[in-house]
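1. okay, here's the prediction I keep looking at, along with the sequence it came from:
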Amino acid sequence: MAQTQEEVLQEKRNWHWRNSMRPVRFFGMDARAGIPWFILLFYFRPVSLVLTLLITAVFSFLEKKGLSFSAALRAFRAWLLGQRRPGYFAFRKRKMIDYG
């Protein structure tokens, strides 16, 4: 099905909306995974360099496996907390009240 030239121009005007939710990339990886590099600029020590390289390697490995930065953090949180994760603490749950 052929599009008219006006439809093609209208679609080109809306391309920026299509790309507005894409993750920001920095040197081929999620920009949020580059936060340790920013910290390294202010606190340059051998330990921080090793930690930065380690964090970068871990997140690049996870991206190659198909996990984004935010999905990797959610998976880590799920692994850390385990299977049982109540939505509210016991003292914050509302009690059943009978007003009758």
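-> Structure's in. What do you need? Numbering: from 1, shown residues only.

2. so, low pLDDT: which residues of the protein?
-> Across the chain, the stretches falling below the confidence threshold (pLDDT under 70) are 1-2, 16-19, 85-88, 90-93, 100.

3. excluding chain neighbours, what is closest to the most centrally placed residue in it?
-> Closest residue to the average C-alpha location of the chain: residue 70 at 2.2 Å, with C-alpha atoms, centre = their mean. With C-beta to C-beta, 6 or more residues apart in numbering as the criterion, residue 70 has its nearest non-adjacent residue at 7.6 Å, and that residue is residue 32. Backbone N, C-alpha and C define where each C-beta goes, glycine included.

4. also residue 33?
-> residue 59 (4.1 Å).

5. list the helices and strands the helix or strand hosting that neighbour packs on?
-> For residue 59, the element it lies in under DSSP states H and E is helix 46-65. Contacts defined by 3 or more C-beta pairs under 8 Å, 6 or more residues apart in numbering; DSSP states H and E place helix 46-65 against strand 29-30, helix 35-42, helix 69-81.

6. deepest-packed of the ones you listed, please.
-> Using mean count of other C-beta atoms under 10 Å, the stretch among these with the largest mean neighbour count is strand 29-30, at a mean of 18.
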